[in-house]
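Asker: Need coordinates for the following:
(3 chains)
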Amino acid sequence: MSTDLDAIVGKPWKKPSFIKNPALRWGLVILAVVYFYFAFTTIDVNWARIYRGLDRGWQFILGFANPDFTSRWSDIYAGFMESVVMTVASTVAGIAISIPIALGAARNIAPLPVYMVCRFIVSISRALNEIIVAIILVKIFGFGPLAGFLTLSFATIGFLSKLLAEEIESMNMVAPEAIQSTGSSWAQWINFGVQPQVMPRLIGLSMYRLDINFRESAVLGLVGAGGIGATLNTAFDRYEFDSVAAILLIIIVTVMSLEYLSGVIRERIK
Amino acid sequence: MPMIEKNGQKIWQVRDRKAQFIRWAMWFFGTVAFLMAWKVISDGTEWYYVQTAPQAANDIITRAWPPKWGYINKLWGPIWDTVNIATIGTIVSLMLAVPIAFMAARNTTPSMLFVRPLALLVIVASRSVNSLIWALLLVSIVGPGVLAGVVAISIRSIGFCAKLLYEAIEEINETQVEAITATGARPWQVMVYGIVPQIMPSFAGIAVFRWDINIRESTVLGLVGAGGIGLQLNSSLNILSWSQVSLILMVILFAVVISEWVSAKVRGAII
Amino acid sequence: MLELKQLTKTYKTGDQALKAVDLTMPAGQVLALIGPSGAGKSTLIRCVNQLVRPTSGQVFLAGDEVTGLKGNALRRVRRRMGMIFQEYALVERLTVMENVLSGRLGYVGFWRSLFRKFPQKDVDEAYRLLDRVGLLHMADKRADELSGGQRQRVGIARALIQDPALLLVDEPTASLDPKTSRQIMRLIVELCKERGLAAIINIHDVALAQMFVERVVGLKMGAMVFDGGPDDLVPDVLTEVYGEEDWEATIEKVDDDDDADGDA
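Answerer: Below you'll find the model as predicted:
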């Protein structure tokens, strides 16, 4: 293809559009404008209510300047410990169950029927929001940390199995084949051929999930599934914003230190 | 290579004694921690209630099936609200996340000592707190409704988007930026020509990814009064109308599947 | 035209990249800067346009001091110095045309550049330059669709559209195959002649330098150890610059078997 210089000099230049077809491009623009018009108009803003609420917002900010750890300390402590316990137990249980499911959900090592079953479990776990699972489990098992523990374990399975299965599917198959050619049993094959390759990723993901589980455990209390969320909910109901600030600060500091810890561990196992 | 002497013979081992001990200790403490945690959970549980769990589950299932199909007509409005909360919330959060990400990235921050730590603090605070808690707070400030949901989703998403975005900014190719600087471009022009094109794919990916997550999160915000289909879920749960609950759960599952499909399509088209 | 006085750069790590370099270049001179890796070649040309701030010493461009300039004054000086990079340094997700026009950023306001509303004069010049480097038909392709040689041609067009008085060229051929390397070098030198530009070309390939330039400067450990014509580069000099090596074999003249209109 040759382009003639004289033919285009003097003509304006425009950047080629991202979407080449002009009808499609303008169609999408109009669609977006119409959508946003209707979307924004359905948000009813009650300015009087917001004006009244600003005072509370201000108290909330003041609460951060002067958080109150002491007056509800026993509740906060109990809730926090319950959250930690649920986090640890559910992460351990979740990992233990995730590993076989991840092996089953990896197409390159699992037979098709097993693969389908495991993928189905993973999809169900990922599609259901933790809070909804917690509500149902609270109805079944009663109030308390057991429902929270089961919820977080269930959510961990979906998360870990999916990412671990993807890691297994993308691993280098040469080493496992070499192990297989030595006449190893299936368990030996997994142990020597697969495990060494996916171990760093498994540890990294587990640390990340520990972090997520702690954050989630802080809300499960809202629906009665144990943890610091219940304390938080009470504090909100009574408009005790200085206690709310104290609880949120505890959550933020814990998450920060977990993140730091997982960073250190991931750095070391690399 | 680690060896031990046994009956005068050298026996090869995978790990030497110290490494073996550390491994063993880690397993031991892990098991102890789990058992202690389990003890606390067990103490906090009313086991006689748990014994009735099979009946309870059976009861719920029989009452939940078949779903009350006619109820769907009351759900169209809440579904529309849910989608709007997620979409507008994502857009608002992206608008706020972009400047924060530029302040947090090592190579673009105006000040390493002051601005960067502040931006990182905003990111951590936003990420650590679940959107439901933000919604709880906002409901008490701006009152129940869609607005509280939009703001809660926005605040929660800032940290997520800004974190991924600033990591993308830190990974850009610096010589491309250098080349634009060398032409005598203004700092803002260097940004628009040297940095923005490089992070565009990540930006689009993050936006769609977060929108997908926000659809899921906005379905439950109604539980604390922040609008969307969660409001109907909450009231159905309160009146123990399990046939309505099952229909709502099916709608939510459907929405999640659709949003995942849309986000996969859009990501495929952009990248 | 360009004058370096006692130019010194010491990095924070304590590495002395440049040790009091003095250099004077008349207008229109094409100069090759040779030396082993780490000799300070890249630092030297980055000190000229202040991408790297020298620790001490001065740089003068056409009599104006460059060192110490900030903000708008620095931008105005940078406009007069076009830079060409080793890894092309094109913004890969922008089109060829946008990459070329980005050379005009020093002249165009922020909002015009944001909405890609460049003056018609600049657009025409971009077309002419793309035609000159043989890439006019690629104008609306994205830069990452191009081959290495093509990208370097776009890089050259971007530097030239600045309408510079001086070209700073950093290892233009290090990422290219031998034949494309020669085409690119020839193109740069021809364009300098056409437009009467001075150029400093960092290059590690001595034979290539000898083929095209009129003056060679050797750097070693940040200090100037050679300054002369290409024919003065005898094996003894190269040993001084690079260390011991069988130079007779290396500087044998390369066959000039390709044509400048090759499509690489």
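Asker: What distance do you get for the closest residue in space to C:Lys141 that isn't next to it in sequence to C:Glu171?
Answerer: Leaving aside its chain neighbours, C:Lys141 sits nearest to C:Val96 (5.5 Å; criterion: Cβ to Cβ, 6 or more residues apart in numbering or on different chains). In this view, the C-beta of every residue, glycine as well, is placed from N, C-alpha and C. The gap separating C:Val96 from C:Glu171 is 22 Å, by Cβ to Cβ, to the nearest Å.
Asker: One more: C:Trp111?
Answerer: 36 Å.
Asker: In terms of neighbours, single out the busier of those two.
Answerer: C:Glu171 (21 against 9; other Cβ atoms under 10 Å in any protein chain shown).
Asker: Quick check: next helix or strand after the helix ranked longest in chain A?
Answerer: The single longest helix within chain A, with elements called by DSSP state H, is helix A:73-104. As assigned by DSSP states H and E, the chain's next helix or strand after helix A:73-104 is helix A:112-127.
Asker: near chain B, anything from the very next helix or strand once past that next one?
Answerer: Scanning forward in sequence from helix A:112-127 by DSSP H and E, the next helix or strand is helix A:130-141. Yes - judged by Cβ under 8 Å from any Cβ of the partner chain, helix A:130-141 comes into contact with chain B through A:131-132, A:135-136, A:139-141.
Asker: Going by distance to B:Thr183, which of those residues wins?
Answerer: For the residues of helix A:130-141 next to chain B, the residue nearest B:Thr183 by Cβ to Cβ is A:Ile131; the value is 52.7 Å.
Asker: all helices of the chain, in order?
Answerer: As the question left the chain open, I've gone with chain A. A:5-8, A:22-41, A:47-65, A:73-104, A:112-127, A:130-141, A:145-169, A:174-181, A:186-189, A:195-220, A:228-237, A:241-269.
Asker: Hmm, no, I was thinking of chain B.
Answerer: Remark: helices assigned in chain B by DSSP H are B:17-43, B:47-51, B:53-64, B:76-104, B:115-128, B:131-142, B:146-170, B:174-182, B:187-190, B:196-218, B:230-238, B:242-270.
Asker: any low-confidence regions in the chain?
Answerer: Looking at chain A here, since you left the chain open. Residues of chain A meeting the criterion pLDDT under 70: A:1-3, A:270.
Asker: sorry, should have said chain C
Answerer: Within chain C, the ranges that satisfy pLDDT under 70 run C:244-264.
Asker: That one against chain A: which residues are in contact?
Answerer: Residues of chain C lying near chain A (Cβ under 8 Å from any Cβ): C:95, C:97-98, C:101, C:116, C:118, C:120, C:123-124, C:126-128, C:131, C:136-137, C:139-140.
Asker: Is there a quick PyMOL command that grabs whichever of those are buried?
Answerer: The following PyMOL line selects those of the residues of chain C next to chain A that are buried, judged by 16 or more other Cβ atoms under 10 Å in any protein chain shown:
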select buried, chain C and resi 95+97+98+101+116+118+123+124+126+127+131+136+139
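Asker: Please narrow the residues of chain C next to chain A to those residing in helices.
Answerer: C:97-98, C:101, C:120, C:123-124, C:126-128, C:131.
Asker: ok, now which ones touch the residue of the stretch 101-250 of chain B found nearest chain C?
Answerer: Nearest residue of the stretch 101-250 of chain B to chain C (Cβ to the nearest Cβ) works out as B:Gly184 at 2.8 Å. Residues near B:Gly184 by Cβ atoms under 8 Å, 6 or more residues apart in numbering or on different chains: C:74-79, C:105-107, C:162.
Asker: can you check B:Leu247 too?
Answerer: B:67-69, B:71-72, B:75.
Asker: please redo it, this time with the cut-off set to 7 Å
Answerer: By Cβ atoms under 7 Å, 6 or more residues apart in numbering or on different chains, the residues touching B:Leu247 are B:67-69, B:71-72.
Asker: C:Leu135 - how many residues pack around it?
Answerer: 21.
Asker: wait, it sits on C:Gln152?
Answerer: No - using Cβ atoms under 7 Å, C:Leu135 is not in contact with C:Gln152; the gap is 10.5 Å.
Asker: So for the chain, the centremost residue is which one?
Answerer: Here I'm looking at chain A. A:Ile212 (5.8 Å; Cα atoms, centre = their mean).
Asker: let's do chain C instead
Answerer: C:Val169 (0.9 Å).
Asker: contact partners of the host helix or strand of it?
Answerer: Element membership of C:Val169, judged by DSSP H and E, is strand C:166-170. The contact list for strand C:166-170 (Cβ under 7 Å, 6+ apart) reads C:2, C:42, C:45, C:48-49, C:61, C:80-86, C:159, C:188, C:192, C:197-202.
Asker: Direction-wise, compare it with helix B:174-182 and give the angle.
Answerer: Angle, strand C:166-170 to helix B:174-182, by axes from the mean of the first three to the mean of the last three Cα atoms, to 10 degrees: 170 degrees.
Asker: Partner strands of strand C:166-170 and their direction?
Answerer: Looking at strand C:166-170 with DSSP bridges, its partner strands are strand C:81-84 (parallel), strand C:198-202 (parallel).
Asker: deepest of the ones you listed, which one?
Answerer: strand C:81-84 (a mean of 27; mean count of other Cβ atoms under 10 Å in any protein chain shown).
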